[in-house]
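[1] quick one, structure for this:
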Amino acid sequence: EANVPFANLCAIVQEVELCRGGRPMGCMSFRDVGKLIFPITSKEHKAMCDATSDEEARSVLYVLHFSEPCPQCGFRIQRDSDSAGCPSVVCSNCKAPFRC
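    Here you go, the predicted structure:
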């Protein structure tokens, strides 16, 4: 990835602020910042674009960061502290065993 000059970043931020319509200048939402910092092809960027609120965006990022997708069905599994020492997990959706 190429470095983005500071002037270009300022121009992008300014354009985002103009497009937000009605919100005060100088006040970017969590989703606005996420759209700027996450690579456009990442699941995090998609989450920022799809979220309807900053709270929803934070929740989705938490799930993406602290869970693993089941290789069979894609259902996201979050390990609890009781299973921290065990590398095997059973999907609660399709019951497939996998290592994470």
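[2] what's the residue nearest to residue 69 when sequence neighbours are not counted sitting at in phi/psi?
    Excluding its sequence neighbours, the residue lying closest to residue 69 (Cβ to Cβ, 6 or more residues apart in numbering) is residue 76, at 5.5 Å. In this view, the C-beta of every residue, glycine as well, is placed from N, C-alpha and C. Dihedral pair for residue 76: phi -80, psi 130, per degrees, to the nearest 10.
[3] part of a helix, is residue 63?
    Yes: counting by DSSP: H, G, I helix; E, B strand; the rest coil, residue 63 falls inside a helix.
[4] what residues are up against it?
    If you count contacts by Cβ atoms under 8 Å, 6 or more residues apart in numbering, residue 63 has them with 76, 78.
[5] need the per-residue pLDDT for it.
    Confidence at residue 63, expressed as pLDDT, is 88.
[6] picking that back up, hmm, residue 62 and the residue nearest to residue 69 touching each other?
    No: proximity of residue 76 to residue 62 does not meet the contact threshold set by Cβ atoms under 8 Å, at 10.8 Å.
[7] for the spatially closest residue to residue 66 that is not a sequence neighbour, give its distance to residue 34.
    Excluding its sequence neighbours, the residue lying closest to residue 66 (Cβ to Cβ, 6+ apart) is residue 78, at 5.7 Å. Residue 78 sits 21 Å away from residue 34, going by Cβ to Cβ, to the nearest Å.
[8] looking at the two, which one has more neighbours?
    Comparing residue 78 with residue 34 by other Cβ atoms under 10 Å, the one with more neighbours is residue 34, at 22 against 11.
[9] distance of that one from residue 66?
    Residue 34 is 17 Å from residue 66, by Cβ to Cβ.
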